[in-house]
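Trainee: need coordinates for the below:
(one chain, ligands or ions: 1)
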Amino acid sequence: MCGIVGATAQRNVAPIILTGLSRLEYRGYDSAGICTLENDEFNCLKTTSKVATLINKVKERGCKGFLGIAHTRWATHGIPSETNAHPHICGNLALVHNGIIENFKELKAKLQEKGYVFKSETDTEVLLCLIHYHQQDSNSLKEALLKALNEVTGSYAIALINKSEPGVLYTARSGSPLVIGLGIGENFVASDVLALLPVTRRFIYLDEQEVAIVTTDKIDVCGLDGKEHIKKAQDADLDAESISKGSFDHFMQKEIFEQPSSLRNTLTERLDDDSVRLETVIGLKKDSFKDLQNIQIVACGTSFHAGLVGKYWFEELTHIPCNVDIASEYRYRHAVVGNNSLFITISQSGETADTLASLRLAKTQGYKNSLCICNVNGSSLVRESDFTLLTRAGAEIGVASTKAFTTQLLSLLMLALIIAEQKGSLTAQKRHELIESIRQLPSLCEKFLSKDKDILALASEFADKHHCLFLGRGVMYPIALEGALKLKEISYIHAEGYAAGELKHGPIALIDRNMPVVVVAPDNALMGKLVSNIEEVRARGGKLYIFNSEEHVLKADTQTKVISLSDCPEILQPILFTIPLQLLAYHCAVINGTDVDQPRNLAKSVTVE
Ligand code: AGP
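Mentor: Numbers count the residues shown, from 1 in each chain. Take a look at the predicted model:
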């Protein structure tokens with residue numbers, strides 16, 4: 001979702017902020033813009049196309065300066081258009097904004113009464129005019145900004161520049177992420193560290209409701225009450241190369257093939273002979289889970305699917321009841337919190353608005369502790385949770401979550417073993433066996449990836465379909481959901497995942513020879529049941545695509561394609577059987593010519609509700 005970059009330097013900042021903007025493209029956007037301060041005047045250029053078009057415009061028309069801000073917009077208020085695109089300008093001020101100003105209508109009406117005329121349909125222009133309005137009764141822009149921010153409700157990350165303060169970048173956050181990058185004689189702001197890695201690796205993370213005044217040699221941070229906050233800088237654990245496609249055609253493809261190494265990273269120095277090391281979970285103590293009686297997981301999208309798998313594992317391995325909710329549902333239902341409950345959030349980005357809001361709500365609801373499973377150290381979820389388990393997938397740029405998902409699953413499995421040890425629900429021998437299985441995961445992942453060509457061939461049959469069902473049973477049911485989500489989000493083929501046993505309760509009505517049915521069918525205890533469901537589809541003429549284990553090969557025929565995959569320990573099946581489904585979605589999307597890494601209407605980091 002929207003991306004912000006800003007810079008103040010003693011050199012032309014346009015190339016820096018445009019590079020930063022390109023590096024934020026993965027977040028999803030529909031228009032882009034830049035504004036620099038050049039000879040005491042704003043120079044603002046916009047496009048409703050890609051950042052590359054903006055870069056060309058900057059080359060053709062010229063846009064430079066020592067101070068500048070830029071933005072990629074994901075429309076919330078008003079259509080994608082150059083008028084609605086940021087930066088917005090009002091008098092001496094230019095502003096870019098991520099988030100939603102919820103009381104913008106009331107504020108707009110008040111400002112209109114005072115004579116303000118609005119050019120765009122955006123809530124951002126309302127915030128800008130409000131700051132501009134408060135300049136009249138303030139001694140400084142800082143004072144005006146604080147007055148305006150104390151008046152708005154909703155979420156924001158902003159970067160603001162003033163014609164009469166050539167070296168000063170104003171920035172603030174509440175509910176949307178923002179980092180300050182520290183250079184030598186120059187400083188930067190951005191929505192995330194990836195944007196700024198070509199220019200710095202040292203960052204200050206703004207906390208909720210903080211305002212920073214950034215000049216070339218100084219960062220002053222304060223709260224919304226104007227009181228000074230002392231901040232510490234941190235080094236980023238990513239490098240600039242994290243967002244290069246290398247020899248791959250798409251980030252998603254690269255990220256699928258990175259899974260053996262991302263899983264290996266997730267495991268590094270975390271396993272002993274019969275236990276998962278305590279320090280795997282930051283902040284955890286030896287007896288943190290000793291009295292644990294209930295687990296509540298909350299997440300969105302793919303991360304929610306990981307949570308659903310987690311439920312099967314937690315209940316099987318720790319014998320603790322586990323509930324899983326979609327974050328946008330959890331935050332508006334009246335959850336009953338059991339005794340000694342652990343609240344777990346799962347998120348690749350650590351900034352998903354509904355997940356973050358659920359965590360904040362949970363903190364008022366009587367949970368004993370909160371834990372987040374997250375891929376981004378320093379993100380809001382990490383900073384606000386009691387315990388953190390970092391997934392270490394590395395930067396994930398493709399909108400479709402792949403390596404983040406499989407490392408989330410592995411993290412959930414490790415967490416289940418830690419809880420099981422503290423609760424005494426598994427013998428040391430059983431834990432040892434499971435850990436030996438887990439050690440095989442990266443190499444088994446390579447074997448599953450080696451089926452890429454077979455899956456490409458399958459995709460060429462598949463890509464012209466308009467609908468598709470994915471079936472799985474038990475712990476493979478959430479994997480069927482994930483397979484369907486992956487296919488629909490990047491290839492735009494309508495797909496639904498079902499628990500195979502549910503077929504006869506409704507979806508079977510859809511089965512005919514035009515309805516492909518993908519079945520996730522590893523060899524496990526539910527195989528017999530699944531075979532009956534497969535027969536139900538076959539009997540109605542449905543076309544079957546079965547992902548099967550070598551051990552228990554199901555019979556192929558004219559109606560049935562079987563892709564047999566390496567045998568693997570049952571506990572690893574949800575992680576490994578995800579891989580062919582990712583590849584299927586990827587190849588269908590490429591064949592259909594969609595924008596694989598930035599599919600239409602989607603954002604990587606969903607920072608608004
Ligand atoms: C998955 O492919 C999607 N990009 C989406 O469902 C994603 O998992 C969801 O928006 C949650 O994001 P998070 O993990 O960053 O919280």
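Trainee: which positions in the stretch 501-609 of the chain make contact with the ligand?
Mentor: Within the stretch 501-609 of the chain, the positions near the ligand by C-beta under 6 Å from any ligand atom are S605, V606. All C-beta atoms are positioned from the backbone trio N, CA, C, and that covers glycine.
Trainee: nope, the chain is what I was after
Mentor: Taking C-beta under 6 Å from any ligand atom, the part of the chain that reaches the ligand is made up of 300-303, 347-349, 352, 355, 399-401, 489, 605-606.
Trainee: let's see which of those end up in strands.
Mentor: Counting by DSSP state E, the part of these found in strands is S347.
Trainee: show me which of the residues of the chain next to the ligand is closest to the ligand.
Mentor: Each of those was scored against the ligand by C-beta to the nearest ligand atom, and G301 proved nearest at 1.9 Å.
Trainee: need the contact list for the closest one.
Mentor: When the contact criterion is C-beta atoms under 8 Å, 6 or more residues apart in numbering, the partners of G301 are S401, L485.
Trainee: at 10 Å what do you get?
Mentor: 326-327, 347-348, 352, 355, 400-401, 405, 482, 485, 489, 602, 606 (C-beta atoms under 10 Å, 6 or more residues apart in numbering).
Trainee: reformat those as CSV; add pLDDT.
Mentor: What follows is those, written out as CSV (pLDDT from 0 to 100):
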residue, pLDDT
I326, 98
A327, 97
S347, 97
Q348, 95
T352, 92
T355, 96
A400, 95
S401, 96
F405, 98
E482, 98
L485, 98
E489, 95
L602, 85
V606, 82
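Trainee: can you pick the most crowded of those?
Mentor: Highest neighbour count within the contacts of G301, by other C-beta atoms under 10 Å: S347, with 34 neighbours.
Trainee: who does it bridge with?
Mentor: With DSSP bridges as the criterion, the beta-bridge partners of S347 are C374.
Trainee: I'd guessed it sits against T388; true?
Mentor: No - taking C-beta atoms under 10 Å as the contact criterion, S347 and T388 are not neighbours in contact, 11.1 Å apart.
Trainee: overlap in contacts, the two.
Mentor: Residues touching both S347 and T388 (C-beta under 10 Å, 6+ apart): C372, I373, C374, S379, L381, V382.
Trainee: what is the nearest of those residues to N43?
Mentor: Distance to N43, by C-beta to C-beta, is smallest for S379 among the shared contacts of S347 and T388, at 33.6 Å.
Trainee: excluding sequence neighbours, find me the nearest residue to that closest one.
Mentor: Here the nearest residue to S379 in space, its sequence neighbours aside, is G350; by C-beta to C-beta, 6 or more residues apart in numbering that works out to 2.5 Å.
Trainee: do I have it right that that neighbour meets L381?
Mentor: Yes - under the contact definition of C-beta under 10 Å, G350 touches L381, with a separation of 4.0 Å.
Trainee: quick check: neighbours shared by the two?
Mentor: Contact criterion C-beta under 10 Å, 6+ apart; residues shared by G350 and L381: L356, C372, I373, C374, T388.
Trainee: quick one: which of the residues you listed has the most company?
Mentor: Tallying neighbours with other C-beta under 10 Å puts I373 at the head of the shared contacts of G350 and L381, with 33 neighbours.
Trainee: can you read off the pLDDT for that one?
Mentor: I373 is assigned 98 on the pLDDT scale.
Trainee: what residues are up against it?
Mentor: With C-beta under 10 Å, 6+ apart, I373 has these contacts: 281, 297, 299, 303, 306-307, 310, 344-348, 350, 381-382, 385, 387-391, 407-412, 414-415.
Trainee: in helices, which of those fall?
Mentor: Secondary structure from DSSP state H places 303, 306-307, 310, 381-382, 407-412, 414-415 of these in helices.
Trainee: just the closest of those to Y133, please.
Mentor: Within the ones in helices among the contacts of I373, the smallest distance to Y133 is 35.0 Å, found for L381 (C-beta to C-beta).
Trainee: tell me how many other residues surround the closest one.
Mentor: Here the number of neighbours of L381 (other C-beta under 10 Å) works out to 23.
Trainee: likewise the one 3 residues further on?
Mentor: Here the number of neighbours of E384 (other C-beta under 10 Å) works out to 18.
Trainee: surely it and E208 touch.
Mentor: Yes - taking C-beta under 10 Å as the definition, E384 is a contact partner of E208 at 8.5 Å.
Trainee: between the two, what contacts are shared?
Mentor: Listed as contacting both E384 and E208 by C-beta under 10 Å, 6+ apart are L356, R360.
Trainee: isn't L284 right up against L278?
Mentor: Yes - in this structure, L284 sits in contact with L278. The criterion is C-beta under 10 Å, and the distance is 5.6 Å.
Trainee: ok, these two, which is more surrounded?
Mentor: The residue with the greater number of neighbours, taking L284 and L278 and applying other C-beta under 10 Å, is L284; the counts read 21 against 15.
Trainee: contact partners for the residue positioned nearest the centre of the chain?
Mentor: A centroid search over the chain (C-alpha atoms, centre = their mean) returns S349, at 3.9 Å, as the residue closest to the centre. By C-beta under 10 Å, 6+ apart, the residues touching S349 are 1, 27, 177, 192, 300, 303, 355-356, 374-376, 379-381, 396, 401, 404, 603-607.
Trainee: swap the cut-off to 7 Å and go again
Mentor: S349 makes contact with V376, S379, S605, according to C-beta atoms under 7 Å, 6 or more residues apart in numbering.
Trainee: could you do A159 as well?
Mentor: By C-beta under 7 Å, 6+ apart, the contact set of A159 is I4, G6, I69, V96, L169, T171, V189.
Trainee: run the chain-centre distance for stretch 569-579.
Mentor: Shown here is stretch 569-579, whose average C-alpha point lies 22 Å from the average C-alpha point of the whole chain (C-alpha atoms, centre = their mean, to the nearest Å).
Trainee: can you list the buried residues in it?
Mentor: If you call a residue buried by 16 or more other C-beta atoms under 10 Å, then stretch 569-579 has these buried ones: I571, L572, Q573, P574, I575, L576, F577, T578, I579.
Trainee: using PDB, list the CA coordinates for that stretch.
Mentor: Listed next in PDB are the C-alpha coordinates belonging to stretch 569-579 (Å, rounded to 0.1, in the frame of the first residue of the first chain):
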ATOM      1  CA  PRO A 569       7.500 -37.100   7.100                       C
ATOM      2  CA  GLU A 570       3.800 -36.500   7.700                       C
ATOM      3  CA  ILE A 571       4.500 -33.500  10.000                       C
ATOM      4  CA  LEU A 572       6.200 -31.700   7.000                       C
ATOM      5  CA  GLN A 573       3.500 -32.300   4.500                       C
ATOM      6  CA  PRO A 574       1.600 -29.000   4.900                       C
ATOM      7  CA  ILE A 575       4.900 -27.100   4.200                       C
ATOM      8  CA  LEU A 576       6.100 -29.200   1.300                       C
ATOM      9  CA  PHE A 577       2.800 -29.700  -0.500                       C
ATOM     10  CA  THR A 578       2.400 -25.900  -0.600                       C
ATOM     11  CA  ILE A 579       5.300 -25.700  -3.100                       C
END
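Trainee: what's the closest non-adjacent residue to I508?
Mentor: Take I508 and drop its neighbours on the chain: the residue closest to it by C-beta to C-beta, 6+ apart is E536, 6.4 Å away.
Trainee: secondary structure class for I4?
Mentor: With DSSP: H, G, I helix; E, B strand; the rest coil as the basis, I4 sits in strand.
Trainee: look up how far the ligand lies from it.
Mentor: With the distance defined as C-beta to the nearest ligand atom, to the nearest Å, I4 ends up 18 Å from the ligand.
Trainee: so for stretch 380-396, what's the average pLDDT?
Mentor: Averaged across stretch 380-396, the pLDDT comes to 94.
Trainee: what does that stretch contact?
Mentor: Residues beyond stretch 380-396 that count as contacts (C-beta under 7 Å, 6+ apart) turn out to be 177, 194, 238, 242-243, 255, 258, 262, 265-266, 280-284, 345, 347-348, 350-351, 355-356, 359, 369-377, 403-404, 407-408, 411, 415.
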